Every structure is written in C-alpha cells, then in structure tokens.
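[1] Provide a 3D model corresponding to the input given below.
(2 chains)
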Protein chains: 2
Amino acid sequence: MKKEIKMDFIKEYKKEKIRYEEFKNDPIKLDISRGKPSKKQVDYVASVFKKAEIEFDLYSNRTGIDKQDVGNYGLLPGITELRQLFGELLDLPYENIIIGGNSSLSLMYDILSLNLMFGNMQSKTPWYNLENRKFLCPSPGYDRHFMMTEYFGFELITIPMTPQGPDMDMVESLVKSDPMIKGIWCTPLYSNPDGYVYSDETVERLAKMSTAASDFRIFWDNAYFTHHLVPNKVNKIKNIIKLCEKYNNADRVYQFSSTSKISFPGAGVSLIASSKANIEHIQNNFKYRIICYDKINMFRHAIVFRTKADVDSHMEKLAEFNRPKFNSVLEILDNELAEFKNYLHYTRPEGGYFISLYTMEGCAKRTYQLCKEAGLVITTVGDTYPYGKDAKDSNIRIAPTFPELDELNKSISLLACCIKIAILEKLTDN
Amino acid sequence: MKKEIKMDFIKEYKKEKIRYEEFKNDPIKLDISRGKPSKKQVDYVASVFKKAEIEFDLYSNRTGIDKQDVGNYGLLPGITELRQLFGELLDLPYENIIIGGNSSLSLMYDILSLNLMFGNMQSKTPWYNLENRKFLCPSPGYDRHFMMTEYFGFELITIPMTPQGPDMDMVESLVKSDPMIKGIWCTPLYSNPDGYVYSDETVERLAKMSTAASDFRIFWDNAYFTHHLVPNKVNKIKNIIKLCEKYNNADRVYQFSSTSKISFPGAGVSLIASSKANIEHIQNNFKYRIICYDKINMFRHAIVFRTKADVDSHMEKLAEFNRPKFNSVLEILDNELAEFKNYLHYTRPEGGYFISLYTMEGCAKRTYQLCKEAGLVITTVGDTYPYGKDAKDSNIRIAPTFPELDELNKSISLLACCIKIAILEKLTDN
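    Numbering: from 1, shown residues only, chains lettered A, B, ... in the order given. This is a model prediction of the structure:
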C-alpha cells in the first residue's frame, strides 16, 4: 500500500515538474507579496473623488462644521465631520477619535514611541527604560507590526492564532504574571493573513483580563473594519473600547484604522480611537510634533463620504473588484490541491486582503524559491511571524488584490504547482 | 532739564491712556500671535491648484517620472520630480532629499526622536540615555523648536542672536568643550522672529567648528528659503550641506523645509535634505514607520510647480499679499514710536513672516496684557526664548500676515499705544 502511494507521488511529481518548466519558459514577472489594491480599483476611487471635488468645488469651499478654513493651520484632532463619520462607523462618540495623516502605521509608531519615551498615564517608567520589555504577537500576523516592535527593542512573544482570535488562555496567563509584557498586536477583523474574525468571547476576555503591567496596551489595528467580501454579510466584532470601559480598563486600548483601502493607498486618512483620557494624553503630546494633519485631504474624504451609507455602498463597489479574485484563487486551489488535503489547508476569508495557506511543514521556503525562479514574488516566507521566522516553515500569505484576474489565475496556478512540487519533493525524497 | 522731560512723559502717558480707552471701547478681537497666511493668500493658492489640477486632470493621470501610480503604495523617499525641484531650489542633488508629509515640524520631531532612541551613525549611545543632554537655542527663536527639545528632556542653552546669526564665539566655545551638547536649532534665512540672515561667515563657522560630541547635529530649519519680501532682492545663505562636506563634517546637518507658506498651511509637503549617508540612515529607520508619504499631494505640487521659475514667480505673487502689510507695520511703528528710539528697536526683515520688536526691558509682558485687554492677542511674551522666559522681558514678535490691511493697521496702532503706555508707566513710575 505504502509503495503504491509512493509510486503515485513520483508520477505526480514528474507531471508537475513538466508543468513547472512550461511556466518557467513563459515567466510571469509579478509581485503578489503585498496587500495592494489594483489599478482598476484606484482608477475607480479616483473617478469618485474627481467627480465629488469638482461638483463641490472643494478649493473654493473650504469651510465645514468647524467654521475654519481647512486650507489653513489649526484643528489638531481633525475636522469634526470626519471624526463624526468614523464615530458612526466604529460606534463611538467623535470626541474619542483623532484623524491623522496618510498612514495608520505612522500613528501606531508614534503612539508606541510615545509610550517608549514617556510612558502612558498608568506607567511608572517609560518603556524605553525597561530593558526586557516584551510584546505579544498573535501569529501569523502583520509583518510590519512585528518589525516595528522588534525595531523598538521588544522581545516578541509568539501567540498562536485560532479562527476565534489569539489563544486567549495563553494571553491571559502571560499578561497576568509578567509586568514586562506591555502590549499586544491585534488585527481583530479579517486578520492578516488568515482573515479570521475575533469572537465576542475573545474581545471580551481581552478587555477583561488582569494584567501585571498596569500600563499594558492593546494595539487594535482595525484595518479592515469595512472591507467585507461576501455579499450582504457584515462580520462584526465587539466594541473593545466600550468593553474596556465596562471592565474598568478604559485606557487599555488604542484603536487604529485608515482609508488606505477605502480611498487611496498612501494618500488616505488615518485615525486613532481610544478612551477620552488617552485621546487627551495623545493630543497633549502630539502638539509638540505637529500643528495639524492635512485637513484639505480630510475634507476631500468628508465630501465623498458624508454618511455611513456612503461608505457602505462604496465598499460594496470595491468588493466587486476583489471578490472575483478571492473566489478565483480559492477555486484554483480547490481544484489543484484537492488530493493534497492531508498535507495542507488554507483559509476562506469573508473580508480583508489575504488568503493564508499552510503547506506541509518544511515546504514553504522551497515553494517561495520555486515561485521566484518562475518570476512570481510571493510574501517572504516567515514574514508573518516574529523575527521573520516561521518555525514550521509552513505559512504562505496570498495577496490576490493587485493583479487582474487572468494574471492572478496564472500566478495561482504556478503557486499551486510549486506547492505540489515542494511537497512531492519531500514525500519522494527528491 | 531732567524735570522737563519727565513732564513730557506724563503728558504723553495721559494722551496714550485716552487713546487706549478709545481702543478698548471698540475692541479688536484679533489674534496675530502666529505666522499664518491670510485668507486671501490661501484663496489665491487654492485658485492656482484648482486650475492646474483640472487642466492636468490629476486624478486620471497619476503617473510621473517614476512610472508608478501616485495613488498607490510605494516610493518612501517621495516622487522624483519634487525631489528634483527642491534639489534645484536648494542647490543639492535630488538624492539628498526626502519628501515628507504635510509638516516639517513632524520631520524635525521624527529625526530628533530617531536620535534619542537610536542615536545617529556617529553616536556611541542613543541621546535618550544621556541624562544631561543639551541643545543650543539661538534666541529669540521659534517657540516650537524650543518646546520640542524641552519636551524631549534637553537642557536648553540660550545663545544670543545677532544680525549675522547666532553668537558664533559662544557656540564654538560651548560645542568644543561639552560632549553633552548634541545639537543646535537654526532658522538661517529670515530667522524667526528677527528676520536675520545668517552671514556667510556664520554658516562657514557652523560647518567647520570642532565639536566634542562626534554625533553633534545642526537642525537647519530653512522654513523661509524662498519667502522674500523686497522686490528683486533675493537674500541667499551659503549651502551648509556642501560646506559640511568640504570640512569633513558631511553628516552634521539635517535641513528641513516645507511648502506650508508656499502652498497650503497644514496641507503642503515637507522635506529633509542631508548627506547621502544620513538620507540612507533616515530611510532605513523611516521604513518602520511608514510605507510612503502622500504622493498624490506631492504630485499636485509637482504639477503646479514644474520649475524653479514657477516657484519664484508664485512667491513673488505671494509677496504682493504680505509686502504691504510689513511696510504698513513698519510705517506705523516708525511714526508712532519715533520719540521712543532710545527705549526700543525693531527689525526690518527682507523676508519671512515676522517683525521682532525689543521694547524697554521689563515692559513686554505689560504690553501683552494691555493688548489683550483691548482684544488683541500677540505672541505670548517669552515664547521666543527657551523655557518661555525672556530674561529681559523685552521681545515682542509681530506676525503681520494673517489680518487684512485695515484690521492690521488698527492692531499695530493699538500695539504701539500699549508699548508706549508700558514704557511710560516705567518712566513715570505709574
């Protein structure tokens, strides 16, 4: 029996090798390593902004609710209409929200560096002074989160991810006993790369748990809060800011988001939402760094998105760009990898920007290398784990949004071929 | 003889008090505390941007020299056309320039915090670890500079300003002997608030001087590099980056600027210029904080300002808004204060955003209070010095740009009246 299967593997291996050579003869030259919107999506967004700005005559009408010229200095927390809109979207009073510049990553960096150099209201000492500072990293996760805390000298502690969120037994037990654990990274809705949605219980436990560090903080990167993929299905997560307040941990969480994948990647607006006390603390510190963020760009967004309904219908339109791509990737993987079900699995996200594939242990790097040799760049294996190291060498992050469908399909067929070859090499000792 | 003068003072004092009461009966309600462009100037800039964006059809043509969609992620150092333009304006290769977000203050903050937490290439230890770190503050100067270094825990050392720049004998002697002095703030062209232009000798000595700290840095805030006021008169400062290179101190200087007073205050673009090694060091650190700055906004600026000549003619147009205001302020001060020449003096800047008035010692705060009671807010006295303390209680910063001419004239007449009352109170022991 064992021998028979082995024979099939060899046959399959030879078949895939031939296919692979064909791919190599007609190389792809594509980079699907990052969660980047497609040109068509950006074109569409551009047409929406163009129309709205001309109709409104933005440059001639620069005054909104605040009765201040958005083309001149002022208003550190951002324009009120946009704070109100995000308040509605995140179910929070607008006073709990600051609108930032074009990058939520920068806001995370700025808040982290604020905690490092000055601590927060609950800190006895700035984090920078604690040599053995630590940060929890639910993994796989977002590489830029992990890189940032590594850069800032935190020891990164890997927390396994589950379809309900981080392993909460482990999180609770660690934060309860170790005061050097200062924070945790969370991408609660459509997690990067798995597309998991934190369960109500997970959010509740994060809000409620006891922490040895009185100045512990949750960095809640709600990057995909309105980035749903399934028609008429809106996955929701519990409101962690309200829950933290309920459990007398009001200042525990900094929530971040941006319009990078609603309007323009790299030219949208970002936000921090937090307790009123944290917002005040942040403003009292941010006043040293900036007079105000770009209010003309805020106003542009406020003209295009006047209500939650505007955002919802816009995001439904954007989903039409991405939904066929996610479906197509899953269809190709389902077809190509049906016989490999015992060796691998992958996620079927209902939103966000990624599909996460777990191939046979020890095969991910080899898959990456095979793809690269045939002209396809996928996310560097390991990047989804702290220190860039996937101990199992298994996780492959697929970012389907950037290429158009025909190019994407060819890429995923190549990826599937490479996955199979890498597994078959192991199984056949090649 | 002495008695006779005293009599005149009393007469004058009574006269000004009557005038002051008239001002108070018809209060002004104006804030001229900050260097803020007027609504008319912003309206003009808005009309320029509107026209250029529509003609170019910005949202449909989002690709420039770099052949990358400015509406999508990428290009951390900024778009090449804008780096080239600033290179031309600052007489530097574009590779020495990074374009940032809407705030040069933020870039200064980010570079300072980079030095604090990680040090620079010449640092033996991050500045944060040095408890008695110090920073030189040529004074009077820009309040936000001083506040930032105070906030970051530097001891601020006051360096007297002269019409040629900071007192270089003092600077040289301090930096030569004290390795804890890590930097100096400079606003070399049309200094804030005096409007002084650093002499060639000053710039040369800053580039050449020996510093005990091998990681010493000049924070060169070239905020007004193209903000000239006198027709056909372009004041120039020596190229400090090239001079530092010449004297084997290539990495000594970070140069900052922005278009806040060229395009939109709070919605323009900023820049850092430095040695190639510093630029590389900055990029290697900034990659943890941001994927890219707002390239659509950069592209907007690149469309409006294609060449140095475009910037020059635009700035000549903006000077037409501000020149009459500066002239009017000086005319009023000349007329009102002619008889007080022995007790005060003020600057006659050829560019920038401020006029600096030095009233009789011990009279500035009283002047501020008198203005305030009549509805006029001027820059808080002391703000132009480290720790907000003007030891002589003498410097008053006048920001003429925001109000329109009639309102400005009324304000400056009131200010002159308050200055006289404060001096006369002292002279007459009232």
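
[2] can you pull out the helices in chain A?
    Here chain A has its helices, by DSSP state H, at A:2-25, A:39-56, A:80-90, A:104-118, A:143-151, A:168-177, A:200-208, A:240-246, A:276-286, A:295-304, A:308-337, A:364-373, A:405-427.

[3] and the longest one, what does it pack against?
    Which is helix A:308-337. Using 3 or more Cβ pairs under 8 Å, 6 or more residues apart in numbering or on different chains; DSSP states H and E as the contact criterion, the secondary-structure elements in contact with helix A:308-337 are helix A:39-56, helix A:80-90, strand A:355-358, helix A:405-427. Backbone N, C-alpha and C define where each C-beta goes, glycine included.

[4] please identify the buried residues of stretch A:245-261?
    Of the residues in stretch A:245-261, those buried by neighbour count under the rule 16 or more other Cβ atoms under 10 Å in any protein chain shown are A:245, A:247, A:249-261.

[5] closest to chain B out of these?
    Of all these, the one with the least separation from chain B (Cβ to the nearest Cβ) is residue A:260, at 8.0 Å.

[6] show me the contacts for the nearest residue to that closest one once chain neighbours are set aside.
    Of all residues beyond its chain neighbours, the one nearest residue A:260 is residue A:268 (4.9 Å), with distances taken as Cβ to Cβ, 6 or more residues apart in numbering or on different chains. Residues touching residue A:268, when contacts are defined by Cβ atoms under 8 Å, 6 or more residues apart in numbering or on different chains, comprise A:102, A:258, A:259, A:260, A:262, A:297, A:301.

[7] change it to 10 Å
    For residue A:268, the set of contacting residues under the criterion of Cβ atoms under 10 Å, 6 or more residues apart in numbering or on different chains consists of A:45, A:101-104, A:258-262, A:297-298, A:300-301, B:71, B:294, B:296.

[8] how far away is residue A:254 from residue A:244?
    Between residue A:254 and residue A:244 the distance, using Cβ to Cβ, to the nearest Å, works out to 11 Å.

[9] between those two, which contacts overlap?
    Shared between the contact lists of residue A:254 and residue A:244 (criterion: Cβ under 10 Å, 6+ apart) are residues A:218, A:220, A:274, A:275.

[10] which ones among those residues are found in strands?
    Secondary structure from DSSP state E places A:218, A:220 of the shared contacts of residue A:254 and residue A:244 in strands.

[11] can you pull the contacts of the closest residue to residue A:76 other than its chain neighbours?
    Setting aside the residues directly before and after it, residue A:76 is nearest to residue A:292 in space (Cβ to Cβ, 6+ apart), at 5.4 Å. The neighbourhood of residue A:292, defined by Cβ under 10 Å, 6+ apart, consists of A:68, A:70, A:72-79, A:99, A:286, A:298, B:102-103, B:265-267.

[12] ditto for residue A:305
    Residues counted as contacts of residue A:305 (Cβ under 10 Å, 6+ apart) are A:48, A:52, A:81-82, A:85-86, A:89, A:259, A:262-263, A:311-312, A:314.

[13] what's the local residue count around the residue nearest to residue A:391 when sequence neighbours are not counted?
    Of all residues beyond its chain neighbours, the one nearest residue A:391 is residue A:385 (7.4 Å), with distances taken as Cβ to Cβ, 6+ apart. If you count neighbours by other Cβ atoms under 10 Å in any protein chain shown, residue A:385 ends up with 20.

[14] and the pLDDT at residue A:385?
    At residue A:385, the model reports a pLDDT of 98.

[15] how much space separates it from chain B?
    Spatial separation of residue A:385 from chain B under the definition Cβ to the nearest Cβ, to the nearest Å is 17 Å.

[16] now swap in residue A:203 and tell me
    28 Å.

[17] go on, residue A:201?
    In terms of Cβ to the nearest Cβ, residue A:201 sits 33 Å off from chain B.

[18] hang on, isn't residue A:189 packed against residue A:222?
    Yes. Under the criterion of Cβ atoms under 10 Å, residue A:189 lies in contact with residue A:222, with a separation of 6.1 Å.

[19] kindly export stretch A:383-393 (C-alpha atoms) in CSV.
    Included here for stretch A:383-393 are C-alpha records, laid out as CSV according to Å, rounded to 0.1, in the frame of the first residue of the first chain:
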residue,chain,number,x,y,z
ASP,A,383,7.5,37.5,7.4
THR,A,384,4.1,36.6,9.0
TYR,A,385,5.9,35.6,12.2
PRO,A,386,8.0,37.4,14.8
TYR,A,387,11.7,37.8,13.8
GLY,A,388,10.7,36.7,10.3
LYS,A,389,10.9,33.0,11.4
ASP,A,390,8.1,30.5,10.7
ALA,A,391,9.3,27.6,12.9
LYS,A,392,7.2,25.2,10.9
ASP,A,393,8.2,26.7,7.5
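
[20] quick check: domain ranges of chain A?
    A:2-42+A:312-427, A:62-306 (automatic domain parsing).

[21] reformat the ones you listed as TSV; add distance to residue B:25.
    Listed next are the domains of chain A as TSV, based on distance: least, Cβ to Cβ, whole Å:
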stretch	distance to residue B:25
domain A:2-42+A:312-427	55
domain A:62-306	27
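
[22] return the most buried member of these.
    Sort the domains of chain A by mean neighbour count, taking mean count of other Cβ atoms under 10 Å in any protein chain shown, and domain A:62-306 sits at the top with a mean of 20.
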